[in-house]
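Student: what follows is a predicted structure for the sequence shown.
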Amino acid sequence: MNGRTLEMINTTNQPAADNSLGSLIHDARTKAGFTFRALSEVSGVAQGQISKLEKGQVLKVNPAHIAALAEPLGLSLYAMYAAAGYKTPESISQLAGDLEDKICQLPPEAIARLERYVETLLNDPGAASSPSSAYANEPAASN
């Protein structure tokens, strides 16, 4: 084989270096131990589409595919959108990443409390001025 053929084989088996979304998906998929088939089954994105995304062969990435792949791969949706070239406000991307990191460190009970608080805020935005009201009927945490 000549050098050109070897280069073509290499680029079809691994994500391109300048393909940040493809690299992100590839690295997360292999780290999580997903095959293309397994990731396709949990995400609903076709195996061939996942392969094309990893290789950088998709010119305009479907946002629904990004959303479907983010959770099973354990990736930030904002980070994936940014890697795909979609404009995301840097401040939101940073905030989302910071919050996601902190939330992952919380024990399950704290996550449940946080979810209830967010639900309270969604139903009554005025509750934001008094976060303790969201916990009025909750037992005190024991240490």
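Tutor: The structure has been received and is ready for your questions.
Student: gap between the two ends of stretch 50-69?
Tutor: End-to-end distance of stretch 50-69 (CA to CA, to the nearest Å): 9 Å.
Student: mind listing what's buried in that stretch?
Tutor: Ile50, Ser51, Leu53, Glu54, Lys55, Gly56, Val58, Val61, His65, Ile66, Ala68, Leu69 (16 or more other CB atoms under 10 Å). C-betas here are computed from N, CA, C, even on glycine.
Student: is it true that the fifth one touches Ser23?
Tutor: No. Lys55 is beyond contact range of Ser23, at 10.4 Å (criterion: CB atoms under 8 Å).
Student: any chance of a markdown table for the buried residues of stretch 50-69, columns distance to Ser43?
Tutor: Output for the buried residues of stretch 50-69, formatted as a markdown table (distance: CB to CB, whole Å):
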| residue | distance to Ser43 |
| --- | --- |
| Ile50 | 8 |
| Ser51 | 13 |
| Leu53 | 11 |
| Glu54 | 13 |
| Lys55 | 17 |
| Gly56 | 19 |
| Val58 | 15 |
| Val61 | 14 |
| His65 | 8 |
| Ile66 | 10 |
| Ala68 | 4 |
| Leu69 | 5 |
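Student: where strands are concerned, which of those count?
Tutor: Judged by DSSP state E, strands contain none of the buried residues of stretch 50-69.
Student: residues near Ile111, how many?
Tutor: Applying other CB atoms under 10 Å, we find 13 residues neighbouring Ile111.
Student: over to Thr120?
Tutor: Neighbour tally, Thr120, other CB under 10 Å: 16.
Student: tell me the pLDDT of it.
Tutor: With respect to pLDDT, Thr120 has a value of 84.
Student: which helix or strand contains it?
Tutor: Assigned by DSSP states H and E, Thr120 falls within helix 108-123.
Student: next, Val58: phi, psi?
Tutor: Note on Val58: its backbone torsions stand at phi -110, psi 120 [degrees, to the nearest 10].
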